[in-house]
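# Sequence plus predicted model, see below.
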Amino acid sequence: MNAFEKIKKAREMLGLSQSDFAESVGVTQKDVSLLESGNKKFIPNKYIDFLIDKGFDLNTIFDDTLKLNYKNEIDLKTLNETTKVYQLRTDRNHDIQNIPLFNLEATAGLVELFQNQGDQTPIDTIRIPNLPKCDGAVFVTGDSMYPLLKSGDIIAYKQIHDISNEIFWGEMYLVSVEVSGEEYISVKYIQKSEKGDQYIKLVSQNQHHQPKDVLLKKVRALALVKASIRINAMR
């Protein structure tokens, strides 16, 4: 089953006709028919965006059972993709690097991943040229950084080991915070808090998410976001 047939499968799982799907996406019924028959080279973003809004992960629609399934290595030079780099002035780019891609849901959380990354088996390896050094990559969930990041995007990160002294204010981070004994993981900008040095302020890109001040000592794991990757189509 190819990617176009799987788009059709996702549509059918939603109980939509081609006409209903076309109207919801904002295209013609002929466009949907051509897409599902494989007559379009790439899958337009609007189809993917619609399926994400209906609860499908950006990457899951390409698996026969609509569950996560990547090939063993993703070479982004072969895909129609968008990569954004978040680089510090002190960063040195690497011509090419193999970045392990992890599934946070398969681990005990970000703290466990960082503490035992050498023992974790990545689900894939991403080859990306001209990026700062990255320790790994994970999938984004939630919409707190929308539209900059979408659920299903991939972020490449560099772990921060000295959380108290190595924060670059205003940068984007993958952060794990202890909330009522549980681990809360999100991607946020970190800014200085008006409450004092014992706090940091977590700020979302999405205007519907309010900034939140948290105690610095409650931050259990932290990583700088070095790049975000949005895959628009499969080969």
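Nice, thanks for sending it over.
# residues near Ile190, how many?
22 (other C-beta atoms under 10 Å). For every residue, glycine as well, the C-beta is placed using N, CA and C.
# Identify the residues contacting stretch 173-182?
Among residues not part of stretch 173-182, those counted as contacts by C-beta atoms under 8 Å, 6 or more residues apart in numbering are 109-111, 138, 155, 157, 160, 167, 183-190, 202, 214, 218-225.
# hmm, try it at 6 Å
With contact meaning C-beta atoms under 6 Å, 6 or more residues apart in numbering, stretch 173-182 is reached by 110-111, 157, 183-185, 187-188, 190, 214, 218-223.
# same for the longest strand seen in the chain, what does it pack against?
For the chain, the longest strand by residue count, based on DSSP state E, is strand 219-233. Here strand 219-233 touches strand 80-85, helix 110-115, strand 154-160, strand 172-179, going by 3 or more C-beta pairs under 6 Å, 6 or more residues apart in numbering; DSSP states H and E.
# Could you export the ones you listed as CSV, including distance to His209, mean neighbour count and mean pLDDT?
Shown next, in CSV, are those (distance: least, C-beta to C-beta, whole Å; neighbours: other C-beta atoms under 10 Å; pLDDT from 0 to 100):
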stretch, distance to His209, mean neighbour count, mean pLDDT
strand 80-85, 20, 15, 70
helix 110-115, 19, 19, 88
strand 154-160, 17, 22, 93
strand 172-179, 14, 21, 93
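# and of those, who's closest to Lys8?
Proximity to Lys8, assessed across the helices and strands packed on strand 219-233 by C-beta to C-beta, is greatest for strand 80-85 (19.8 Å).
# returning to that earlier point: who does the longest strand of the chain pair up with?
Using DSSP bridges, strand 219-233 pairs in its sheet with strand 80-85 (antiparallel), strand 154-160 (antiparallel), strand 172-179 (antiparallel).
# picking up where we left off before, out of the helices and strands packed on strand 219-233, nearest to Ile126?
So among these, strand 154-160 is nearest, using C-beta to C-beta, at 7.2 Å.
# picking that back up, mind checking which of the strands paired with strand 219-233 is nearest Ile7?
strand 80-85 (14.9 Å).
# That closest one: what's the following helix or strand?
Next helix or strand after strand 80-85 toward the C-terminus (DSSP states H and E): strand 93-102.
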